[in-house]
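Chemist: Compute the structure for the input listed below.
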Amino acid sequence: MDLIELGWNSLLQEQYEPYRERGYSVGRVITEHRQLYDVASANGEVLGELAGKLRFTATERTDLPAVGDWVVMREEGGRAVIQAVLPRKSMFSRNVAGAVTEEQIVAANIDTVFLVMALNQDFNLRRMERYLLLAWESGANPVIVLSKADLSDDAEGQAAQVQAIAPGVPVHTISAIHTQGLHMLAPYLVQGITIALIGSSGAGKSTLINALAGRELQRVNEIRLGDGRGKHTTTHRELIVLPQGGIIIDTPGMRELQLNAADDGLSAAFEDIERLSGACRYRDCKHRREPGCAIQSAIASGELDIKRYQNYVKMEKELAYAARREKEKERSANKMERRNWKNE
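Modeler: Have a look, this model is predicted:
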């Protein structure tokens, strides 16, 4: 298998060199199972498992391989033992729902994120704002793909609504089943460039992959007529090399995405609100009834959609809560470390 087609480059070669000198091979994770990984290497596809040391030293789920990661390993007889994960240049992640704060990598080492949303009952501006926040945080470039244009009575108007909440982000309207608009995605499909597809179940990700590949690679389910939602066609993350160049990482449908403690993406996703906030008369303006509040003025004039502002406040609070949980987790870990040190 050609590693260049999988995204191999000179920086990765430099990071891999110390391992190469010790006799390790390298490959890219294409599918993740429970404790097992399908890895594409120069010798073909192998089934990899974690080395005991890697499993023992991992303190977070993010320390372990994910789809899109480059790993070094020892290969033998079509199987491999994964020794280490090469440094990631980007990753799209989310918090796992539950009482314990835990970050889950959806896709690693991605260049572009296709945020796929269907122009039927799935259309939801507030959810797209959440996707955009996490896309900016990932370190990859977001591209919005509005699918199922054939099911919309006002695809142009819906695209304008999305463009209004995503200034500067490319927005493409397509119908994969009719190959409408697919030519607009061609410039992103470049050899060695990795694209992650993020969207809800039934958004049309699998249909899009099949259309780009020119053959059926992913199974497609019918959506429910009642609410337009689809079943989880894709049940696991998978890396696919397209024949015309480019690498696609398909992901299971995600209707809700838990935010993690990092908040760098908030300013990028809500640049208009951050700019208005800086124009308030008082630096500590709470944007309620204070005189000279630029945000309330923009809402009153129709410049700013109040639902967009409410969603911003909601995610700001969610990020603050995630940050507090992360600090509590760190404190607990430090206490445990000190306790272990005293008992030694």
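
Chemist: List every C-alpha atom in stretch 207-218, with coordinates, as CSV.
Modeler: Written as CSV, here are the backbone C-alpha positions of stretch 207-218 (Å, rounded to 0.1, in the frame of the first residue of the first chain):
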residue,chain,number,x,y,z
THR,A,207,-24.5,8.5,0.1
LEU,A,208,-22.0,11.3,-0.4
ILE,A,209,-19.1,8.9,0.0
ASN,A,210,-20.6,6.4,-2.5
ALA,A,211,-21.1,9.3,-5.0
LEU,A,212,-17.5,10.5,-4.6
ALA,A,213,-16.1,7.0,-4.9
GLY,A,214,-18.2,6.1,-7.9
ARG,A,215,-19.4,2.9,-6.3
GLU,A,216,-21.2,1.6,-3.2
LEU,A,217,-18.7,1.6,-0.3
GLN,A,218,-21.1,2.4,2.5
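
Chemist: Show me which residues of it are buried.
Modeler: By neighbour count with 16 or more other CB atoms under 10 Å, stretch 207-218 contains the buried residues 207-213, 218. (Glycine included, C-beta is placed from N, CA and C.)

Chemist: So which of these sits lowest on pLDDT?
Modeler: The lowest pLDDT within the buried residues of stretch 207-218 belongs to Gln218, which sits at 57.

Chemist: what about the residue positioned nearest the centre of the chain, helix or strand, and which?
Modeler: The chain has Phe92 as the residue nearest its centroid, 3.3 Å off, counting by CA atoms, centre = their mean. If you go by DSSP states H and E, Phe92 is part of strand 91-95.

Chemist: rewinding a little: restricted to helices, list the buried residues of stretch 207-218.
Modeler: Counting by DSSP state H, the part of the buried residues of stretch 207-218 found in helices is 207-213.

Chemist: thought Glu290 was touching Tyr282?
Modeler: Yes: the pair Glu290 / Tyr282 is scored as a contact, 5.9 Å apart, by CB atoms under 8 Å.

Chemist: Can you name the next helix or strand after the strand or helix carrying Leu133?
Modeler: Leu133 is part of helix 125-138 when elements are defined by DSSP H and E. Beyond helix 125-138 on the C-terminal side, the first helix or strand identified by DSSP H and E is strand 141-147.

Chemist: Now do that following strand: which elements does it pack against?
Modeler: Under the contact definition 3 or more CB pairs under 8 Å, 6 or more residues apart in numbering; DSSP states H and E, strand 141-147 sits against strand 112-118, helix 125-138, helix 155-165, strand 171-173, helix 205-213.

Chemist: just to revisit the earlier point, alpha carbons only: can I get the helix holding Leu133 in CSV?
Modeler: C-alpha atoms of helix 125-138 as CSV (Å, rounded to 0.1, in the frame of the first residue of the first chain):
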residue,chain,number,x,y,z
LEU,A,125,-28.8,26.2,12.5
ARG,A,126,-28.1,25.9,16.2
ARG,A,127,-26.6,22.4,15.7
MET,A,128,-24.5,23.7,12.9
GLU,A,129,-23.1,26.4,15.2
ARG,A,130,-22.0,23.6,17.6
TYR,A,131,-20.4,21.7,14.8
LEU,A,132,-18.5,24.8,13.7
LEU,A,133,-17.2,25.4,17.2
LEU,A,134,-15.7,21.9,17.4
ALA,A,135,-14.4,22.1,13.8
TRP,A,136,-12.5,25.3,14.5
GLU,A,137,-11.2,23.7,17.7
SER,A,138,-10.0,20.6,15.8
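
Chemist: Now do the buried residues in that helix.
Modeler: Neighbour-count burial for helix 125-138 [16+ other CB under 10 Å]: 125, 127-138.
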